[in-house]
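> After the sequence you'll find the predicted model.
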Amino acid sequence: MLRKNSFPSPQVLAAFTTLLLVGACAFAEEALGPSVASDPAPQQSATAQTQAAQAEGSAAGTGQAAPSGVGPSFGTGTFEAPGVTGAAPTGTLVGQKVAELREDLGRLQSQLDQHNNQLQNLRVSARQFAGNYHSLIGAMNARLQVGTTPGNPELVAQWNQAQSELQQVGASIASLNTLSSEVNSTSALSSFLLESQRATFELRGAVEEDHRQLAILEDEVNKTVVIIERLLNELTDDIARTQNYFATERMNLTAMQIAIDNGEYIGGSLASRAFGAPAPPPQGGAASLVGQRQPLVVVRFDRSNVEYEQALFTVVSSALERRPNAGFDIVAVSPSVGNSAQVALETSKARRHAEGVLRSLTAMGLPADRMTLAATSSAQAQVNEVHVYVR
């Protein structure tokens, strides 16, 4: 159990207090309290993927040939734009604004299609390079398993080629990160377009046909926003999986280099050993923490474009300095007031905010298997919030 005097310095807390005054973020005083002791089932999503990648990597370090085509576990989703419904001009100023918004949506959806094509092409090329890499690894494993001459030049040449193929997989990580930045920019444009469309409803001088077209346009903008958010989520998962795969296989190549120098394997790869496993999530799921434990961070989305990343990075970094094996539970909390449709809408918005916080932490370098994501509603919440708990 950590003592209270191990909390962030007064200067850091003063900076956080400033953020509280503008209503963007609220930070817990008991930031690094004791974790909940429980024995639930382990995480199955990112943790299972990490273990699978490590198991694949250990095959290269134990003389077992990895099957051709094994590589990063990419997602399988495709993200096609829903299209824009055409409409006849009404001749009003509001109708002209609707036509402009329709053109903006068409350009936005064109960008979305480009992002989707880039993602699919990156997945295909990375799988191809990974397949070539594992074919070379399998051939070297077969030679090393029965034994060969120390420093066999044929194996050295194959090892160099395998390293080159793996570097191509590593290059795809940079391309995926670049694509993620571009999709984030597109997401910001979609939010701006949605606000512009809603503001057009308030303009004077509209006829009923203008509002009918605006309603259709709003539905299509919302569908596009949802597809962009799903694309961002899958991109984040692809980047995390590829980074884990690349780091594991680099360790395997190092172990294989030693084996080639000796003409045989002398031990398994260190990549197959797990270090610093975080504590399991609480029984009942992360959503059960709301109202029961003090969160490490509370981000309140009471206005658009809440800038929380710097403060979030500082607090999470401080938590990891004091507890290197810490895990984090991210909970979307929405108000429970209103009718069922309003509650469902706010819950959906809160989940998107929580997914954005998860993407931010992933971009900061926090491994995906150290985080869980959950959602709940609370009568105490006045606006959509995201709670981050440390365990």
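Sure thing, it's come through.
> which SSE is the nearest residue to residue 227 once chain neighbours are set aside in?
Nearest non-adjacent residue to residue 227, counting by Cβ to Cβ, 6 or more residues apart in numbering: residue 79, 5.2 Å away. Where C-beta positions appear, they are placed from N, C-alpha and C, glycine not excepted. If you go by DSSP states H and E, residue 79 is not part of any helix or strand.
> Next, residue 79: phi, psi?
phi -130, psi 80 (degrees, to the nearest 10).
> What of the one 5 residues further on?
As for residue 84, its main-chain torsions (degrees, to the nearest 10) stand at phi -120, psi 130.
> so what's the residue most central in space within the chain up against?
Compute the mean C-alpha point of the chain, and by Cα atoms, centre = their mean the closest residue is residue 236, 3.3 Å away. Shown in contact with residue 236 (Cβ atoms under 8 Å, 6 or more residues apart in numbering): 180, 358, 359, 362, 363.
> ok so, going back, separation between the residue nearest to residue 227 and residue 224?
10 Å (Cβ to Cβ, to the nearest Å).
> between these two, who's got more neighbours?
The residue with more neighbours, out of residue 79 and residue 224, is residue 224; 24 against 21, by other Cβ atoms under 10 Å.
> which element is the more buried one on?
For residue 224, the host element (DSSP H and E) is helix 208-262.
> Look up the closest residue to residue 309, ignoring the ones flanking it.
residue 360 (5.3 Å).
> following the helix holding residue 224, which helix or strand comes up?
Helix 208-262 is succeeded, C-terminally, by strand 297-300 (DSSP H and E).
> What helices and strands are in contact with whichever strand or helix holds residue 185?
Assigning secondary structure by DSSP H and E places residue 185 in helix 153-200. Packing contacts for helix 153-200, counted by 3 or more Cβ pairs under 8 Å, 6 or more residues apart in numbering; DSSP states H and E, involve helix 93-146, helix 208-262.
> Out of the ones you listed, name the one with the poorest average pLDDT.
Note on those: helix 208-262 shows the lowest mean pLDDT, a mean of 89.
> Let me know the angle separating it from helix 153-200.
If you take axes from the mean of the first three to the mean of the last three Cα atoms, to 10 degrees, helix 208-262 sits at 160 degrees to helix 153-200.
> re earlier: of the contacts of residue 236 - the most surrounded one?
Busiest of the contacts of residue 236 [other Cβ under 10 Å] is residue 358, holding 23 neighbours.
> Was I right to think that one contacts residue 331?
No: taking Cβ atoms under 8 Å as the definition, residue 358 is not a contact partner of residue 331, at 11.0 Å.
> How confident is the prediction for the residue nearest to residue 309, by pLDDT?
85.
> residues in contact with it?
Residue 360 touches 308, 309, 312, counting by Cβ under 8 Å, 6+ apart.
> Tell me the buried residues within those residues.
308, 312 (16 or more other Cβ atoms under 10 Å).
> I'd like the contacts of residue 360 as JSON lines, with pLDDT, distance to residue 201 and secondary structure appended.
Converted to JSON lines, the contacts of residue 360 look like this (pLDDT from 0 to 100; distance: Cβ to Cβ, whole Å; DSSP: H, G, I helix; E, B strand; the rest coil):
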{"residue": "308", "pLDDT": "88", "distance to residue 201": "30", "secondary structure": "coil"}
{"residue": "309", "pLDDT": "85", "distance to residue 201": "32", "secondary structure": "helix"}
{"residue": "312", "pLDDT": "88", "distance to residue 201": "34", "secondary structure": "helix"}
